[in-house]
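Novice: Next comes the sequence, and after it the predicted model I'd like to discuss.
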Amino acid sequence: MPNPSEVKQTNKSNRLKYIMEFISEKLFLICALISVLSLFLIIGFVFFKGSNPFIADGYSFIDFIFGSDWIPSEDKYGIFPMIVASIYATIGALVIGVPIGLLTAIFLSEIAPKPIAKIISPAVQLLAGIPSVLYGVFGLAIIVPFLQNNLGLVKGQSLIAVILVLAIMMLPTIVTVAETAIRAVPKTYREGSLALGASPIGTIFKVVVPAAKSGIMAAIVLGLGRAIGETMAVILVAGNSLIIPTSLTDSVRPLTTNIALEMGYAYGTHQEMLFATGIVLFSFILILNFVLAKISSKGGK
Amino acid sequence: MNTTLERKEVKESANVEHQNDQRSVKISVRDLDLFYGENQALYQVSLDIREKEVTALIGPSGCGKSTFLRTLNRMNDLIDSVRINGDIHINGNNIYQSKDVIELRTKVGMVFQKPNLFPMSIYDNVAYGPRMQGIKNKKELNKIVEESLRGAAIWDEVKDRLKTSALGLSGGQQQRVCIARAIAMKPDVILMDEPTSALDPISTLKVEELIAHLKKDYTIVIVTHNMQQAARVSDKTAFFLNGEVIEFEQTDQIFSMPKDSRTEDYVTGRFG
């Protein structure tokens, strides 16, 4: 029979445990809420500031999207060239980055002997960790002069330079996500295919890759998101001219760089129009995320 | 009821035994050693597997029977650390001297423990092997798919849904489509690695009936944990223990009067 003081003591220490439990639960919740709160603050702020010219000052949203002149000093705000530049740059980067990324992922997960994979895999992951400004510097120091010299351009900063830099930048995302998806394909599929007399390469392209389809699509969409949102590296190699690009060698200004270049000195309507540019950019990202969610839910079935 | 069934089996096996001498040796294994890195998994295995017979491989888990089965279509090649000594001849060709693994695997089909149909339609699954062999003609593929599914006794169940996903079938149906996929290659030999261990009793029965039917055309080697199954479906049985073949005899003999006391202990359920 325990004496009363002992009982009291255990109760007390239990109470302390419950309090600690309560506090830590709330702490977790608060931490989790911070990201949600940040998201809503950013969205709210950008939308509030960005929609102001159209609601309060009577600017036309259609003119904003489809106008081809961006001359803040003359009160002309059209971002169509930038939208086109962003889309071209992203699609171009996809055309180059996706095949290279996928073949790398397939090589790492299916073909490479372990020692080689052990060198390439960390290298690809490290590529993801390089600050984007360094990609820009690399582009400026290597790619831009190379284009300038070999294509006989007046100015090497161009759409093609942006595409090349973005293609390299999206590689780590595509490679790691696609590699994970390919590795997740059950071994029994490979065995089944090989046992039917299929070659290893035939097995990869007819069974393994189709089975990893949804993961691979997710990899591509994530890479796309990375490309469309990239700013720093793009500023350095884009040339930033306000024209609708008609060739790969044209100097371009995508949406992101427009914001970064001008936000420092803009005020009033000009500043609000830059926020509006942010809304357009954000809409692209939202659409991508929506597509991604669709793909992942399909993959789950 | 069970005993009459067994008696019937014994009778049938006796008949088979009679014909045995005319049947030619399909697979001949001599002094086969297999190592996983430093560990030896098979010791001096020598077996003759005859044409159009069902040969069962039994033994406790880890005894090397699945490993042995996988040497017959060189599936062990997929594991880097595997090393093999000894000879395996199939149709008189030494399969480890030939470089053409693909050719071997088209002749020696395999059905796995769990149904492993690809995530595509039933039709595409069965047509997969022939397509990989370069057959593109639609009529020809249709014919192969129908024949194979009929051969695997599943045509009537799936003929109206050939274009739907194979993964929507039940486990037992999937395993029979796996068998159809294997016979679509028109192999000589079909290897089965515990083909019914993931199936319910009724599906198991159907697969066993199918095996009995298939042996008219194919040489079948089956690994099984289920000794009743070995007794029901096989003509000959090899008992593996710790990587060695302890006894390789007519199935009825293995189960009624085994020569080795270890075989007797195993088949009577004293261990394993």
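Specialist: It's in. Numbers count the residues shown, from 1 in each chain, chains lettered A, B, ... in the order given.
Novice: show me what contacts residue A:171?
Specialist: By CB atoms under 8 Å, 6 or more residues apart in numbering or on different chains, the contact list for residue A:171 reads A:97, A:100-101, A:104, A:124, A:127, A:223. Where you see a C-beta, it was placed from the backbone N, CA and C, and this is true even at glycine.
Novice: at 6 Å what do you get?
Specialist: A:97, A:101 (CB atoms under 6 Å, 6 or more residues apart in numbering or on different chains).
Novice: mind checking how far it is from residue B:192?
Specialist: Residue A:171 is 44 Å from residue B:192, where distance means CB to CB, to the nearest Å.
Novice: Spit out the contact partners of residue 196.
Specialist: Assuming you mean chain A. If you count contacts by CB under 6 Å, 6+ apart, residue A:196 has them with residue B:129.
Novice: nope, chain B please
Specialist: B:204, B:207.
Novice: Helix or strand: which one has it?
Specialist: Using DSSP states H and E, residue B:196 falls within no helix or strand.
Novice: just residue B:48 next, same as before
Specialist: Applying DSSP H and E, one finds residue B:48 within strand B:39-50.
Novice: in the helix or strand just after that strand, what's buried?
Specialist: Next helix or strand after strand B:39-50 toward the C-terminus (DSSP H and E): strand B:54-58. Under the neighbour-count criterion of 16 or more other CB atoms under 10 Å in any protein chain shown, strand B:54-58 has B:54-58 buried.
Novice: Just name the closest of these to chain A, please.
Specialist: residue B:57 (17.2 Å; CB to the nearest CB).
Novice: How about the closest one, nearest residue that isn't a chain neighbour?
Specialist: residue B:65 (4.1 Å; CB to CB, 6 or more residues apart in numbering or on different chains).
Novice: if we can go back for a sec, between the buried residues of strand B:54-58, which is nearest residue A:203?
Specialist: Among these, residue B:57 lies closest to residue A:203 (CB to CB), at 26.6 Å.
Novice: isn't that closest one right up against residue B:236?
Specialist: No - using CB atoms under 6 Å as the test, residue B:57 is too far from residue B:236 to be in contact (9.9 Å).
Novice: residues from chain A in reach of chain B?
Specialist: A:188-189, A:192, A:195-198, A:202, A:207, A:211 (CB under 6 Å from any CB of the partner chain).
Novice: If we use 7 Å, what do you get?
Specialist: Residues of chain A lying near chain B by CB under 7 Å from any CB of the partner chain: A:188-189, A:191-192, A:194-199, A:202, A:207, A:211.
Novice: Just the buried ones out of those residues, please.
Specialist: Here, 16+ other CB under 10 Å leaves A:189, A:191-192, A:194-198, A:202, A:207, A:211 buried among those.
Novice: Which parts of stretch A:89-106 count as buried, going by neighbours?
Specialist: Quick answer for stretch A:89-106 (16+ other CB under 10 Å): A:89-90, A:92-94, A:96-98, A:101-102, A:104-106.
Novice: next one: stretch A:131-143
Specialist: Going by 16+ other CB under 10 Å, stretch A:131-143 has these buried residues: A:132, A:135-136, A:138-140, A:143.
Novice: now that stretch, how far from the chain's geometric center?
Specialist: Stretch A:131-143 sits 18 Å away from the centroid of its parent chain (CA atoms, centre = their mean, to the nearest Å).
Novice: what about it, how long is it end to end?
Specialist: 17 Å (CA to CA, to the nearest Å).
Novice: Identify all contacting residues around it.
Specialist: Contacting residues not belonging to stretch A:131-143 are listed as A:161, A:164-165, A:168-169, A:230, A:232-233, A:235-237 [CB atoms under 7 Å, 6 or more residues apart in numbering or on different chains].
Novice: Emit the PyMOL select command for whichever of the residues you listed are buried.
Specialist: Buried subset of the contacts of stretch A:131-143, written as a PyMOL selection, criterion 16+ other CB under 10 Å:
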select buried, chain A and resi 161+164+165+168+169+230+232+233+235+236+237
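Novice: Where does the prediction get shaky in the chain?
Specialist: If you meant another chain, say so; for now it's chain A. A:1-10, A:298-301 (pLDDT under 70).
Novice: looking at chain B here, not the other one
Specialist: Ranges of chain B meeting pLDDT under 70: B:1-22, B:271-272.
Novice: Wait, a strand at residue B:30?
Specialist: Yes - assessed by DSSP: H, G, I helix; E, B strand; the rest coil, residue B:30 belongs to a strand.
Novice: ok, what's across the strand from it?
Specialist: Assessed by DSSP bridges, residue B:30 has beta-bridge partners residue B:87.
Novice: And for it, the neighbour number?
Specialist: When neighbours are counted by other CB atoms under 10 Å in any protein chain shown, residue B:30 registers 14.
Novice: before we move on, what about residue B:207?
Specialist: Counted with other CB under 10 Å, residue B:207 comes out at 25.
Novice: Wait, it touches residue B:198, no?
Specialist: No - judged on CB atoms under 7 Å, residue B:207 makes no contact with residue B:198 at a distance of 10.8 Å.
Novice: Spell out which parts of the stretch 101-250 of chain B neighbour chain A.
Specialist: B:102, B:105-106, B:109-110, B:112, B:114, B:116, B:118-119, B:128-129, B:132-133, B:181, B:185.
Novice: tell me the secondary structure for the spatially most central residue of chain A?
Specialist: Residue closest to the mean C-alpha point of chain A, counted by CA atoms, centre = their mean, is residue A:226 at 1.8 Å. Following three-state DSSP, the label given to residue A:226 is helix.
Novice: now the helices for the stretch 51-200 of chain A?
Specialist: Under the criterion DSSP state H, counting those that start in this stretch, helices of the stretch 51-200 of chain A are mapped to A:61-66, A:80-106, A:114-129, A:132-138, A:144-151, A:159-183, A:187-195, A:200-203.
Novice: Residue B:217 is in what secondary structure piece?
Specialist: Here residue B:217 is assigned to no helix or strand, by DSSP H and E.
Novice: Any figure for the gap between the nearest residue to it once chain neighbours are set aside and residue B:252?
Specialist: Leaving aside its chain neighbours, residue B:217 sits nearest to residue B:52 (7.2 Å; criterion: CB to CB, 6+ apart). If you measure residue B:52 against residue B:252 using CB to CB, the figure is 18 Å.
Novice: Then residue A:286?
Specialist: Applying CB to CB to residue A:286 and residue B:252 gives a distance of 72 Å.
Novice: and these two? which has more neighbours close in?
Specialist: Set residue A:286 next to residue B:252 and count neighbours by other CB under 10 Å: residue B:252 wins out with 22 against 11.
Novice: sec struct for that one, please.
Specialist: Going by three-state DSSP: residue B:252 is helix.
Novice: next one: residue B:134
Specialist: coil.
Novice: on that earlier part again, just the closest of the buried residues of stretch A:89-106 to residue A:155, please.
Specialist: residue A:89 (16.5 Å).
Novice: Quick one: residues contacting the nearest residue to residue B:236 once chain neighbours are set aside.
Specialist: Distances taken as CB to CB, 6+ apart put residue B:55 closest to residue B:236, at 4.9 Å, once the chain neighbours are dropped. With contact set as CB under 7 Å, 6+ apart, residue B:55 has these partners: B:49, B:221, B:234-236, B:238.
Novice: swap in residue B:66?
Specialist: Counting by CB under 7 Å, 6+ apart, residue B:66 has contacts B:193, B:223.
Novice: Quick check: the gap between it and residue B:41.
Specialist: 10 Å.
Novice: give me the number of residues near residue A:116?
Specialist: So residue A:116, with other CB under 10 Å, has 12 neighbours.
Novice: do the same with the one 3 residues further on
Specialist: Residue A:119 has 9 neighbouring residues, counting by other CB under 10 Å.
Novice: got it, and the one 3 residues further on?
Specialist: Using other CB under 10 Å, residue A:122 is surrounded by 10 other residues.
Novice: Repeat that for residue B:227.
Specialist: With other CB under 10 Å as criterion, residue B:227 counts 18.
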